[in-house]
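Enquirer: Got a sequence here, can you build the structure:
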Amino acid sequence: MREESFHSHKVCPAPATAGIGAVAQSPVHLLEAEGRDVPAGKPLIDTLERMGCGGVVLDEGGQVLLTNPTAERILEEDIGRAGARVEQSEWLRTAIKKLMRQASTRFTLDQDAWVRVPREDKRDVVLHAVPVGHNGARRTVLIFVDLSFNPEPRPEVLEKMFGLTPAEARAAIQITRGDTPADIARGGGVSIATVRSQLASVFAKTQTGRQAELVALLARVSILP
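Expert: Model prediction:
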């Protein structure tokens, strides 16, 4: 039986994909044998992990060269864990194919196209293929965007960048999650008046005037390590 190619799968028009978060300190899993060059795409994979997005580097034949924990998490949640006797790289290759087959129209990985994969119990996963060069060899970075995941910067970044106190940084992050001042007050064991005072300080220090502006700002800051 002829092996299915990675370069013929399904796609839909590019959706808006705002909202990507969380930083990882050591995000990259190198699957190549020791002594091989690190594939092109590693810096992008690093950045994607900090944004809360998955990333996989594929060679011309669709073999997995490099991946990050978020990509593996998405594949495990949507496709299932690898069996005990299955090589990690082969499981990743097979899981990616299965995930892409769940979309609606066909595309090739060298197109500037997006794949939207519907899920029953949560928001869709969006896949995007980015061709990259590596010593003349063809490589593809496959990006995973989990639309059910919201961006969230580290409190330490907010404290250093905007001069927020630890309590203000926590309140800012919670308000971007959709928590109300009453929710934040109950969780922190403080009064609503205290939380409102903290949020007023957050808006002033971040130069934002509305919750929507604050959410948009923190989404941009969430990429920072």
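Enquirer: Tell me which other helices or strands the particular helix or strand that has residue 140 in it touches.
Expert: Assessed by DSSP states H and E, residue 140 sits inside strand 137-146. Secondary-structure packing of strand 137-146 (3 or more CB pairs under 8 Å, 6 or more residues apart in numbering; DSSP states H and E): helix 42-50, strand 54-58, helix 69-78, strand 125-134. For every residue, glycine as well, the C-beta is placed using N, CA and C.
Enquirer: And that strand, how far out from the chain middle?
Expert: Distance of strand 137-146 from the chain centroid (CA atoms, centre = their mean, to the nearest Å) equals 13 Å.
Enquirer: Check stretch 140-156 too.
Expert: For stretch 140-156, the separation from the chain centroid amounts to 2 Å (computed by CA atoms, centre = their mean).
Enquirer: Then stretch 125-142?
Expert: In terms of CA atoms, centre = their mean, the centre of stretch 125-142 is found 16 Å from the chain centre.
Enquirer: For it, buried residues please.
Expert: The neighbour-count check on stretch 125-142 (16 or more other CB atoms under 10 Å) flags 125, 126, 127, 128, 129, 130, 132, 139, 140, 141, 142 as buried.
Enquirer: Closest one to residue 197 out of those residues, please.
Expert: Nearest to residue 197 among those is residue 126, at 39.1 Å by CB to CB.
Enquirer: what about the residue lying closest to the closest one once chain neighbours are set aside, how many residues close to it?
Expert: On the basis of CB to CB, 6 or more residues apart in numbering, the spatially nearest residue to residue 126 that is not a chain neighbour turns out to be residue 145, at 4.2 Å. Other residues near residue 145 number 25, with proximity taken as other CB atoms under 10 Å.
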